[in-house]
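> Coordinates only, no sequence provided:
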Ligand SMILES: O=C(O)COP(=O)(O)O
């Protein structure tokens, strides 16, 4: 075994959530009379949690906390009903998780998506519950790239950080894993490009989920 545990990012790594996130965010903008953004722009808007997403998509940069809270509530109302229209596992993810799980490795998800939506996504797409720990953004825990969530998972797994692979698709993910002292794997099928992963010191960069398995087992 080349590691004892793996932590996965969710949006852009396990699940292609881009269309549904963009649709709900644009519907939120429309609700408040703001212009929509092209779906591809959301590749860069998403990644630092829901509050930051709202800050990035509304015009100007002077929204108050109260306004941001209102936007977040509206987004939540919309996304609750529409999160699963086009969302799907990336090709090869199901098989990758099945192989890692069958090998007895401990698996976890760590996302900046709100915690309840993270749990909903994982429960829906992985009904066989291969992940021992599933954490989205939670009150009281610093979001990624702060390594707090990754370190908490390592402790709960009872595995040294050097024996954990952290897999994600963005600079934030590479910074999180590296900051926790884990080896980071950047995935090319996600929201961002290879250069971003290189510039943020990915230990390895992979083109397919099957390659992750070769670094793990
Ligand atoms: O919803 C977000 O902001 C990002 O979610 P992720 O951490 O799973 O990429």
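Structure's in. What do you need? Everything quoted here is computed from the prediction, not taken from an experiment.
> Report the buried residues of the longest helix along the chain.
What stands out as the longest helix in the chain, according to DSSP state H, is helix 65-82. Within helix 65-82, the residues that count as buried by 16 or more other CB atoms under 10 Å are 68, 70-72, 74-76, 78-79, 82. Just so you know, the C-beta spots here come from the backbone N, C-alpha and C atoms, and that holds for glycine as well.
> for the most far-flung residue of the chain relative to its centre, helix, strand, or coil?
Within the chain, the residue lying farthest from the chain centre (CA atoms, centre = their mean) is residue 33, at 28.7 Å. Taken by DSSP: H, G, I helix; E, B strand; the rest coil, the conformation at residue 33 corresponds to coil.
> any idea how far residue 119 is from the ligand?
12 Å (CB to the nearest ligand atom, to the nearest Å).
> Kindly report the residues of this structure close to the ligand.
Contact residues (CB under 6 Å from any ligand atom) of the chain with the ligand: 9-12, 46-49, 53, 111-113, 144.
> got a list of contacts for the longest helix of the chain?
20-21, 23-25, 27-28, 31-32, 50-51, 53-55, 58, 63, 114, 117 (CB atoms under 8 Å, 6 or more residues apart in numbering).
> go again using 10 Å as the cut-off
Contacts with helix 65-82, where a contact means CB atoms under 10 Å, 6 or more residues apart in numbering, come from 17, 19-21, 23-32, 34, 49-55, 57-58, 63-64, 83, 113-114, 116-117, 120.
> other SSEs contacting the next helix-or-strand element following it?
Where DSSP states H and E defines the elements, the next helix or strand beyond helix 65-82 is strand 88-89. Packing partners of strand 88-89 (3 or more CB pairs under 10 Å, 6 or more residues apart in numbering; DSSP states H and E): strand 15-16, helix 93-102.
> Give me the buried stretch members for the longest one, please.
Pointing back at helix 93-102 there. Quick answer for helix 93-102 (16+ other CB under 10 Å): 93-94, 96-97, 99-101.
> which one of these is nearest residue 134?
residue 97 (12.5 Å; CB to CB).
> Now do the same contact list for the residue lying closest to that closest one once chain neighbours are set aside.
Among residues not flanking residue 97 along the chain, residue 130 sits closest, at 5.2 Å (CB to CB, 6 or more residues apart in numbering). For residue 130, the contact set (CB under 10 Å, 6+ apart) comprises 94, 97-98, 100-102, 105-109, 122.
> JSON lines for the residues you listed, including pLDDT?
Conversion of these to JSON lines gives the following (pLDDT from 0 to 100):
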{"residue": "94", "pLDDT": "98"}
{"residue": "97", "pLDDT": "98"}
{"residue": "98", "pLDDT": "98"}
{"residue": "100", "pLDDT": "98"}
{"residue": "101", "pLDDT": "98"}
{"residue": "102", "pLDDT": "98"}
{"residue": "105", "pLDDT": "98"}
{"residue": "106", "pLDDT": "98"}
{"residue": "107", "pLDDT": "98"}
{"residue": "108", "pLDDT": "99"}
{"residue": "109", "pLDDT": "99"}
{"residue": "122", "pLDDT": "98"}
